[in-house]
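In: Mind looking at a prediction? Sequence and model below.
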Amino acid sequence: MTRSTKICLALLILPILLLAQEKVDLNAIYKIKDEAFNRSQVMDYLFWLCDANPPRLTGAPGYTKAADWAVAKLKELGLDNARIEKWPFGRGWSNQRLSAHMLEPTYTPLEAMPIAWTGSTDGVLTGEPLYARIQAEADMDKFKGQLKGKIVMSDAPMDLTLHEKIDGRRYTDQELLDIAMAPVPGPMGPRRPAAGPGGPQNFQQMMALRKKLAAFWRDEGVAVLVTEGFRNDGGTMFGGNGGSRDVKDPLGPAQIVIAAEQYNRIIRCLDKKVPVKLEIEVKNTVTDTVQDGINVIAEIPGRSRKDEIVFIGGHLDSWHYGTGATDNGAGSAVMLEVMRILKKLNLPMERTVRIGLWGGEEQGLLGSREYVKAHLADRSNMKTLPEWDKVSAYFNVDNGGGKIRGVYLQGNEMARPVFEAYLAPFKDLGVTTISIRNTGGTDHLSFDGVGVPGFQFIQDPLEYDSRTHHSNMDVYDRIQRGDMLQMSAVVASLVYQTANRPEMFPRKPKPEPSSGGMFSGMD
């Protein structure tokens, strides 16, 4: 027998050996696939979250409506203890109206979005915009006393390039192999300066300037700030946060982002001394009392080991720029569908399966962190609560609507053979990659940070980074139904197998107390 033949036989036999070492119920997987692929409700759930109840910005009415709908749906599915858990969030904010037009040199309706946690205009504002580009604190002196009641354009024009192809993409085999490889240990390389000469050179300096600039706009009495965002192009507009949710902080002026192409046109006209007149009206509702953050919790009780828990989740909140479909209506809908599948099939599960849909993820994993602190452990001192060693594993979906291609182990090498066995039946659906690497920016970190096995899946990127993430294009129509069905089947199977595993999921050593820096970095 040749060496290549031996290798091929080994690759064929490996999945069988893995199945033998970790008991995998293929009959249950068949039933889960059949239910997920032939009687799916996942796109219906996505509709109710993204078309009927958006936007789901934490502290806004849309989020509360979506959370109430999710609780009602979980009760309708027959889950136990479907409920809302509250925690203090901060200032509430929602947009009621935005109207933006160019009146001169020719009439043009402007494509615009409001920026969260900023103020309103005093009715309809009409006037010539003023370009005030500030890159360093010294630049503020140039504009003192000139901005009261003005429409101010604060960004440099963006250099837009030709897109020969704007389609989404899936991971190639080589990219998946690269993800599966362990990162090379070593110090971080040098960082590029964050701005040009005279500007801030690192993140701390950028944040300091940003804070001073916000106070400058407010103190100078700017009527409305007009920006072009940070990577807008081709009609896609990416937004962010323009103010503070802390009720103790003063509110800044109204702020909007407009399409880069329109922004650039206005700047060119101003540069050539061509008169420009804009008409803008922004109406936002802002509460100066602390609003509740909301988590949605429900469960399917286990049998012989019902005090032990298999946890699934994703964040329910979104930004308000689109309808929050890829971030993270997709993950929330998939997890609702997982619970529906498991409840509908009534498969025997020894452990309890619990779902958590989190609020405040976009502001720093707030909802999942609050849940972990209240029920599992305090990260700052690692004082554990009774449920801490009862959670077998937490599985999270929050990287868009792309199908699952594998899982990040978060450094938990002991979990590798478990995932290899449990995911083997989905190899023909593209689930091939087990990566030792960490991935950040979402709610599995809240669990992993206190020593509970927490995992986020590797998903095909599709258009997540290029088009939909925190943008006006984050809508239902950018979701691919086939990918949602695949995710539902994979997660439901993984949960079922974990719920019936003789032992708890392998754990890393209990971490040392921390101030919580590992939670930095939002979705």
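Out: Perfect, I can see it now. Numbering: from 1, shown residues only.
In: Every contact and neighbour count from this point should use C-alpha atoms.
Out: Fine.
In: What are the buried residues along stretch 353-362?
Out: Buried residues in stretch 353-362, counted by 16 or more other CA atoms under 10 Å: 353, 354, 355, 356, 357, 358, 359, 360, 361, 362.
In: now the end-to-end length of that stretch.
Out: 25 Å (CA to CA, to the nearest Å).
In: Identify all contacting residues around that stretch.
Out: 58, 89, 293-302, 309-319, 332, 335, 339, 365-368, 442-443, 495, 499, 522-523 (CA atoms under 8 Å, 6 or more residues apart in numbering).
In: Let me know the average pLDDT across it.
Out: For stretch 353-362, mean pLDDT is 98.
In: can you give me how far that stretch is from the chain middle?
Out: Distance of stretch 353-362 from the chain centroid (CA atoms, centre = their mean, to the nearest Å) equals 11 Å.
In: Any stretches of the stretch 51-200 of the chain with poor pLDDT?
Out: Low-confidence segments of the stretch 51-200 of the chain (pLDDT under 70): 166, 186-200.
In: which stretches of it form helices?
Out: Ranges of helices in the stretch 51-200 of the chain, per DSSP state H, counting those that start in this stretch, are 61-76, 173-180.
In: how about a markdown table for these, with distance to residue 265 and mean neighbour count added?
Out: Output for those, formatted as a markdown table (distance: least, CA to CA, whole Å; neighbours: other CA atoms under 10 Å):
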| stretch | distance to residue 265 | mean neighbour count |
| --- | --- | --- |
| helix 61-76 | 34 | 19 |
| helix 173-180 | 39 | 14 |
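In: among the ones you listed, which is nearest residue 377?
Out: Residue 377 lies closest to helix 61-76 among the helices of the stretch 51-200 of the chain, at 24.9 Å (CA to CA).
In: Name the residues that touch the closest one?
Out: So helix 61-76 is contacted by 48-49, 53-57, 82-84, 94, 294-298, 316-317, 336 (CA under 8 Å, 6+ apart).
In: repeat that with 6 Å
Out: For helix 61-76, the external contacting residues (CA atoms under 6 Å, 6 or more residues apart in numbering) are 49, 53, 54, 55, 56, 57, 82.
In: Which ones among these map onto strands?
Out: Members of the contacts of helix 61-76 lying in strands (criterion: DSSP state E): residue 82.
In: now that we have the contacts of helix 61-76, which one has the most neighbours?
Out: residue 49 (31 neighbours; other CA atoms under 10 Å).
In: Name only those of the contacts of stretch 353-362 that count as buried.
Out: Judged by 16+ other CA under 10 Å, buried ones among the contacts of stretch 353-362: 58, 89, 293-302, 309-319, 332, 335, 339, 365-368, 442-443, 495, 499, 523.
In: Could you list which of those belong to helices?
Out: 332, 335, 339, 366, 367, 368, 495, 499 (DSSP state H).
In: can you tell me which of the helices of the stretch 51-200 of the chain comes nearest to residue 270?
Out: Nearest of the helices of the stretch 51-200 of the chain (CA to CA): helix 61-76, 38.9 Å.
In: so how far is the closest one from its chain's centroid?
Out: With CA atoms, centre = their mean, you get 19 Å for helix 61-76.
In: Buried residues, stretch 249-260. List them.
Out: Here stretch 249-260 shows 250, 251, 252, 253, 254, 255, 256, 257, 258, 259, 260 as buried, counting by 16+ other CA under 10 Å.
In: meant to ask about stretch 399-414
Out: In stretch 399-414, counting by 16+ other CA under 10 Å, buried: 399-410, 412.
In: re earlier: indicate which one of the helices of the stretch 51-200 of the chain is closest to residue 142.
Out: So among the helices of the stretch 51-200 of the chain, helix 61-76 is nearest, using CA to CA, at 41.0 Å.
In: now the buried residues of stretch 399-414 in a markdown table, with distance to residue 178 and pLDDT?
Out: Converted to a markdown table, the buried residues of stretch 399-414 look like this (distance: CA to CA, whole Å; pLDDT from 0 to 100):
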| residue | distance to residue 178 | pLDDT |
| --- | --- | --- |
| 399 | 18 | 95 |
| 400 | 21 | 96 |
| 401 | 22 | 97 |
| 402 | 19 | 98 |
| 403 | 18 | 98 |
| 404 | 16 | 98 |
| 405 | 13 | 98 |
| 406 | 13 | 98 |
| 407 | 13 | 98 |
| 408 | 13 | 98 |
| 409 | 15 | 98 |
| 410 | 16 | 98 |
| 412 | 18 | 98 |
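In: now those residues in TSV, with secondary structure and distance to residue 427?
Out: TSV is the format used below for the buried residues of stretch 399-414 (DSSP: H, G, I helix; E, B strand; the rest coil; distance: CA to CA, whole Å):
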residue	secondary structure	distance to residue 427
399	coil	20
400	coil	21
401	coil	19
402	coil	16
403	coil	12
404	strand	11
405	strand	9
406	strand	9
407	strand	13
408	strand	16
409	coil	18
410	coil	21
412	coil	21
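In: Relative to residue 347, which of those is nearest.
Out: Distances from residue 347 to the buried residues of stretch 399-414, taken by CA to CA, are shortest for residue 404, at 23.1 Å.
In: give the contact list for the nearest residue to that closest one once chain neighbours are set aside.
Out: Leaving aside its sequence neighbours, residue 404 sits nearest to residue 459 (CA to CA, 6 or more residues apart in numbering; 4.5 Å). Residue 459 sits next to 402, 403, 404, 405 when contact means CA under 6 Å, 6+ apart.
In: how does it look with 10 Å?
Out: 170-171, 397-407, 431, 483, 487 (CA atoms under 10 Å, 6 or more residues apart in numbering).
In: To which secondary structure element is the spatially closest residue to residue 338 that is not a sequence neighbour assigned?
Out: Leaving aside its chain neighbours, residue 338 sits nearest to residue 492 (5.0 Å; criterion: CA to CA, 6+ apart). Using DSSP states H and E, residue 492 sits in helix 481-500.
In: how's the chain carved up into domains?
Out: 18-92+290-519, 93-166+195-287 (automatic domain parsing).
In: ok, and which of those has the densest surroundings?
Out: Mean neighbour counts were taken over the domains of the chain using mean count of other CA atoms under 10 Å, and the top value, a mean of 21, falls to domain 18-92+290-519.
In: in a strand, that's where residue 256 is, yeah?
Out: Yes: assessed with DSSP: H, G, I helix; E, B strand; the rest coil, residue 256 lies in a strand.
In: 54 is where my numbering starts, stick with that
Out: Done: numbering now begins at 54, and the last item shifts to residue 309.
In: Taking the contacts of helix 114-129, tell me the two that lie furthest apart.
Out: Across those (CA to CA), the longest gap, 22.5 Å, separates 108 and 135.
In: Just list the residues touching the residue lying closest to residue 516 once chain neighbours are set aside, thanks.
Out: Nearest residue to residue 516 in three dimensions, chain neighbours excluded: residue 221, at 4.4 Å (CA to CA, 6+ apart). Residue 221 is in contact with 513, 514, 515, 516, 517, 518, 519, 520, counting by CA under 10 Å, 6+ apart.
In: correct me, but residue 474 touches residue 76?
Out: Yes: Residue 474 is within contact range of residue 76, at 8.2 Å (criterion: CA atoms under 10 Å).
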